[in-house]
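Visitor: With the input below, show me the fold.
(chains A, B and C)
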Amino acid sequence: MKYAGINLLRELSLAFGPSGCEDAVRNIITEQIKGECDNITVDKAGNLIAVVRGRGSDYNKQNPRRVMLSAHMDEVGFMVTAITEEGYLKFATVGGIDPRVLCGRHVLVGDDTRRYHGVIASKAIHLQSCEERGKTMPVDKLYIDIGARDADEAKKYVSVGDYVVFDSDFVVYGKDGSRVKSKALDDRAGCAILIEVMRDLYRNPCDMPFDVYFAFTTCEEVGISGAGVAAFGIKPDTAMILEATAVNDLPGVGRFSVSKQGDGGTLTMADVGTLYDMGFVNYAMQTAEAKGLKCQIKRTITGSTDAGPIQRSLTGVRVLGLSVPTRYIHSASCVALYSDYEQTRDLISAMLRDWKLD
Amino acid sequence: MTLKELIISLSGVMSISGSERKSGEELKALIGGVFDEYRSDALGNHLFIKRCGRPNAPKILIDTHFDEIGMMVSGIKEGGFVSVAGIGGVDTRILPASEVTIYGKETVYGVFAAKAPHLSSPAERDRTIPLEDMLIDTGYSKEELEELCPLGTPVGFKPVYAELLNDRLAGKAFDDKACGACAVFGIDAVQKRDMVGDVYFLFSAQEETGLKGARVASFGMRPDYALVLDVTHAAVPEAKDRNLPELGSGVAVAVSPIINRRMSRMVIDMCRSANIPFTVEPCPGGTGTNANVTGISAEGIPTALCSLPLKSMHTSAEVLSVEDARALSRVVSQFIKSKEISEVFGK
Amino acid sequence: MLNLIKTLTAPRAISGREKAISDKILTVVAPLADKCQSDAMGNLIAVKYGTAPEGERKKIMLCAHMDEIGFLVNHIEDNGLIRVLPIGGINWIAATFTNVTFGSGLKGILVPEGNAGHELNQDRCYVDIGAKDKKEAEKKVKIGDFCALDGGITRLLGRRIAGRPLDDRIGCAVLIKIAEKLKETPVADDVYFVFSVQEEVGLRGATTAAFGIKPDVGIAYDVTGTGDCPGAARMVCSLGGGAAIKLKDSSLLCDYELTQEFIALAKEKDVKHQLEILPAGGTDTAAIQVSGAGVKVAALSIPTRYIHSGVEMLDLADADACVDLTVAWLSR
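Guide: Numbering: from 1, shown residues only, chains lettered A, B, ... in the order given. Now for the predicted structure:
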């Protein structure tokens, strides 16, 4: 079953789902997990939550322990802020995007109901001054061209407040098709892992002394995440947050990389938002060693994830951060190694099936 | 009282962040008559409730913040001078020569000291003075000031109001008490039998210091859905490329990742069908308002945000259009009458 | 007080790795409390029940943080030198050319690169444990281990002391002293002594502790800056000026009425005190204030010079004043 999850990853990463407009992703996941879990709900913050119940002699049916797995559905993108007289769209970023990856990109403009093609235009190099050529164009100087002749025509299709995401295809490349390239691998890779783990647990049940809650969350990329709301409703004892993390393993980028592709899932000790539970990290490393799975430790304190709001919800939750190392995240071309995806998925599965966190 | 009068009255009530509780009685006397119940809490929030009279009705939260930016006495010097620390985002450019009220044991009038232009070098005149280097001149002795306004005493801009052309109003603390006045007017205009639920009007504390009041109040009351009202920057000549709403263009309905998408659409439809003038305000990140915290409070509270365009925010010369305020009060009325919204987001 | 502080400053426990100090405090506080427990994040919570009948007792949360700033190992070089990342607000100038201790007890020194000048940061500093090469270093240290500047206390003139980490083991000591006094003279209300985790990285432990306790009143005890030495920030607090009753810091405005109550009580009971407006910095108080449906909060600070260095300096009389004022307030 090599590359079994690749179609899932393809479908999820191509879906239109900027922060606050995750409907398409939620619909795909709902379809994928129907009949693969014991219950599915959507909460008031738009989080999709599925449960696989525990069983066996150690399972306390009245007051079961709860393990939460979390991955965010939303992706970075843009929002239309104005329509110019000439019919171009001005825009601002939704989530953190490096303006250097924008010029010349193909995009989709719209929302959960309708979408139109467009391009992020920029002046041709011939028309740029020497000074302009050496500089990054700031986002407020860029505009999107959807082909409209003027403002009135543009307004027939697009409104201020509409969303924009990268329009990027899903490519499998490299030797033996080992790599995938797509937009939004952050965090559809995490979503795909949750779905695969859920199916596996539900189809091949084991004596599991806790319920597993799978939370597909909203608005992570804008920092006012739905994950805290999800945790508040679930009331988990422990939570594992699945992410795609930056890699920075290219030649010449400095003394040390964040993580390395090919070394398996990345465990985080600390990032800007969270200090992760040390016992939990050790448990993950021990499981990986016992099962012959690769994992690595993230070497920088950068970024933040849903682990923050989950850890600090209620009276506190023990959290683990595990990520698929992904190059060029938050761009139209995120690149991940399929083997890292598998290693991450299998580690989560192994931890759940033979739970030994004290 | 007209809406304009209520805006002016509310804006004159002292409410520097952190001292909201002090004005509870004054506030109740002004607007309490519109409501059935009043509550306060540990943060100094003021919560007014108007019941629809039906059991198990949805709880609708209307939030505007009561607090305003200001200062606090941080030092008392020889010669009757007082130094201050800022509370919330104070625009220090406007302070030299501005008039303030020190809310001590007695109300003390003061003027921010300003060096005469004749004595300042051109370089000095170009540079704004950090707040910690500024002094307020009070005309009392050091000993008297230590008794009258000890460290921690709140300091605010002296209330001054003016009616400008075209039904526009200039003054201080319209952020966010103009919206408070709109909410009260909008709620008062609706008969109880027309309300689709119990209306919880939260005049919240400490928005300017980190959205604190609304965060705890919404957690405590657990409304079914919410409408947050706040001010937004209106178009001004020096920010032409920011695509800000014009003063007089009606209310600004926010569209943002953190705002419930379905609800903001319903509010837009509501404005259209009730002929309320509006613009759509895109907020690609957060909103900088209490909507940031109500939406993710407890189990999540679907929240919409409508804003009143305002010029020169956080100064004592804020300018609003009363016409826009009327539109905002109509949004509140429509919102608490909306069966469509209640059907989707009520119990 | 001094011996207690020596005991409390001995363990190394950076944010997120507080077990050593938590274990130590537990042995001291357990005999003084009715119940001790820790939560998922590692906060240590000791409860002393009040004498009033059940249902009439308020819940008072007293909070001081156990964690200290420190470093996380993220890279071991071929020559055996160790690169670290900061946890909490590290002042690299104050932190370098000093001894550090790892969680395992291993010793090392933190130094800047030879040509680093004064522009110090994590990329220009390293820890030398004396290893000959990477292989030897890896036997002793692995990625993810932590270390912190060495602890210890020096007595200066009068009742002044210097050392680390007084931020915020001094607050922990104040809590323990209050617990000792309540053991002798019980009060009506339930008192929750919270030794919180992860304050230095964003007031995180107090957030969940307060949510669980749902206190009626929360009071946090932490160090605060002073304006009494050359080049200090402009603020009125001074060493030896008494308990600093906080009005404001950059994280919060304390409850106005409750703060006034403390000021009036300090005057009435003749407890030496001063008022605090901290221009930059936050404390657990802010996290307690916005937990759940909101909590009335006050904060009593211990004025401290040279915070986050190895020579944090304070006057024990100020800490005593915090104890006295709190006991007076609890017994009122």
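Visitor: quick one: the helix or strand harbouring residue C:175 to chain centroid distance?
Guide: Assessed by DSSP states H and E, residue C:175 sits inside helix C:166-184. Centroid separation for helix C:166-184 versus its chain: 11 Å, with Cα atoms, centre = their mean, to the nearest Å.
Visitor: How about the helix or strand following that helix and chain A, touching?
Guide: Following helix C:166-184 in sequence order, the next helix or strand is strand C:190-196 (DSSP H and E). No: Strand C:190-196 stays clear of chain A (Cβ under 8 Å from any Cβ of the partner chain), getting no nearer than 10.9 Å. C-beta: built from backbone N, CA, C; applies to glycine.
Visitor: so how far is strand C:190-196 from its chain's centroid?
Guide: That offset, for strand C:190-196, works out to 14 Å (Cα atoms, centre = their mean).
Visitor: Just the mean pLDDT for that strand, thanks.
Guide: Average pLDDT, strand C:190-196: 98.
Visitor: between the helix or strand that comes right after that strand and strand C:190-196, how many degrees?
Guide: Tracing the chain past strand C:190-196, the next element assigned as helix or strand by DSSP H and E is helix C:204-213. On the basis of axes from the mean of the first three to the mean of the last three Cα atoms, to 10 degrees, helix C:204-213 is oriented at 150 degrees to strand C:190-196.
Visitor: show me the contacts for the nearest residue to residue C:125 once chain neighbours are set aside.
Guide: If the residues on either side of it in the chain are set aside, residue C:125 comes closest to residue C:112, at 5.0 Å by Cβ to Cβ, 6 or more residues apart in numbering or on different chains. By Cβ atoms under 8 Å, 6 or more residues apart in numbering or on different chains, the residues touching residue C:112 are C:92, C:96, C:97, C:120, C:124, C:125.
Visitor: hang on, the earlier thing: and the helix holding residue C:175, which residues are buried?
Guide: When burial is assessed from 16 or more other Cβ atoms under 10 Å in any protein chain shown, helix C:166-184 yields the following buried residues: C:166-182.
Visitor: Then stretch A:299-306?
Guide: Neighbour-count burial for stretch A:299-306 flags A:299, A:300, A:301, A:303, A:304, A:305, A:306 (criterion: 16+ other Cβ under 10 Å).
Visitor: Lowest mean pLDDT among the helices and strands of chain A, which one is it?
Guide: helix A:130-133 (a mean of 80; mean pLDDT, DSSP states H and E).
Visitor: What lies in contact with that one?
Guide: Outside helix A:130-133, the residues that touch it by Cβ under 8 Å, 6+ apart are A:123, A:125.
Visitor: repeat that with 7 Å
Guide: For helix A:130-133, contacts defined as Cβ atoms under 7 Å, 6 or more residues apart in numbering or on different chains pick out residue A:125.
Visitor: I'd like the next helix or strand past it.
Guide: Taking DSSP H and E, what comes next after helix A:130-133 is strand A:143-145.
Visitor: and that next one, what does it pack onto?
Guide: Strand A:143-145 sits against strand A:89-94, strand A:115-121, with contacts defined as 3 or more Cβ pairs under 7 Å, 6 or more residues apart in numbering or on different chains; DSSP states H and E.
Visitor: Of the buried residues of stretch A:299-306, which are in range of chain C?
Guide: The subset of the buried residues of stretch A:299-306 within reach of chain C, by Cβ under 7 Å from any Cβ of the partner chain, is A:299, A:300, A:301.
Visitor: returning to what we had before: how close does the residue nearest to residue C:125 get to residue C:141?
Guide: 19 Å (Cβ to Cβ, to the nearest Å).
Visitor: can you check residue B:190 too?
Guide: To residue C:141, residue B:190 is 68 Å away according to Cβ to Cβ.
Visitor: which of those two has more neighbours?
Guide: A direct count of neighbours by other Cβ atoms under 10 Å in any protein chain shown for residue B:190 and residue C:141 places residue C:141 higher, at 22 against 19.
Visitor: pretty sure the more buried one is touching residue C:82, no?
Guide: Yes: look at residue C:141 against residue C:82 with Cβ atoms under 7 Å: they come within range, at 6.0 Å.
Visitor: Now do the shared contacts for these two.
Guide: With Cβ under 7 Å, 6+ apart as the test, residue C:141 and residue C:82 both reach C:73, C:76, C:129.
Visitor: does the first one belong to a helix or a strand, and which?
Guide: This points to residue C:73. Element membership for residue C:73, per DSSP H and E: strand C:70-76.
Visitor: With neighbour count and distance to chain A added, can I get the shared contacts of residue C:141 and residue C:82 in CSV?
Guide: Putting the shared contacts of residue C:141 and residue C:82 into CSV (neighbours: other Cβ atoms under 10 Å in any protein chain shown; distance: Cβ to the nearest Cβ, whole Å) gives the following:
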residue, neighbour count, distance to chain A
C:73, 22, 9
C:76, 22, 10
C:129, 19, 18
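Visitor: quick check, nearest of the residues you listed to chain B?
Guide: The nearest member of the shared contacts of residue C:141 and residue C:82 to chain B, counting by Cβ to the nearest Cβ, is residue C:73 at 34.4 Å.
Visitor: what comes into contact with stretch A:335-342?
Guide: A:3, A:5-6, A:178-181, A:185, A:189, A:244, A:261-262, A:264-265, A:324-328.
Visitor: Output the shared contacts of residue C:141 and residue C:82 as TSV; include the columns distance to residue A:336 and pLDDT.
Guide: Listed next are these as TSV, based on distance: Cβ to Cβ, whole Å; pLDDT from 0 to 100:
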residue	distance to residue A:336	pLDDT
C:73	27	94
C:76	27	92
C:129	36	97
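Visitor: Go through those residues and name the one nearest residue C:188.
Guide: residue C:73 (48.9 Å; Cβ to Cβ).
Visitor: Help me confirm that that closest one comes into contact with residue C:144.
Guide: Yes: at 6.4 Å, residue C:73 and residue C:144 qualify as touching, with contact defined as Cβ under 7 Å.
Visitor: what residue ranges in the stretch 151-300 of chain C score low on pLDDT?
Guide: Applying pLDDT under 70 to the stretch 151-300 of chain C picks out no residues at all.
Visitor: Apply 90 and report the result again.
Guide: Residue ranges of the stretch 151-300 of chain C with pLDDT under 90: C:231-236, C:279-281.
Visitor: what comes up buried for stretch A:113-120?
Guide: For stretch A:113-120, burial by neighbour count (16+ other Cβ under 10 Å) applies to A:115, A:116, A:118, A:119, A:120.
Visitor: For the closest residue to residue A:234 other than its chain neighbours, which residues are in contact?
Guide: Of all residues beyond its chain neighbours, the one nearest residue A:234 is residue A:213 (4.7 Å), with distances taken as Cβ to Cβ, 6+ apart. By Cβ under 7 Å, 6+ apart, the contact set of residue A:213 is A:49, A:51, A:66, A:68, A:234, A:236.
Visitor: hmm, try it at 10 Å
Guide: Contact partners of residue A:213, counting by Cβ atoms under 10 Å, 6 or more residues apart in numbering or on different chains, are A:37, A:39, A:49-52, A:66-70, A:230-231, A:233-236, A:239.
Visitor: Which ones among those residues lie within helices?
Guide: Secondary structure from DSSP state H places A:230, A:231, A:233, A:234 of these in helices.
Visitor: Tell me the secondary structure at residue C:148.
Guide: strand (DSSP: H, G, I helix; E, B strand; the rest coil).
Visitor: Quick one: distance of the helix or strand bottoming out on mean pLDDT in chain B to the chain centre.
Guide: Lowest by mean pLDDT, DSSP H and E among the helices and strands of chain B is helix B:122-126, with a mean of 77. For helix B:122-126, the separation from the chain centroid amounts to 34 Å (computed by Cα atoms, centre = their mean).
Visitor: Stretch B:299-308 too?
Guide: Here the centre of stretch B:299-308 is set off from its chain's centre by 15 Å, with Cα atoms, centre = their mean.
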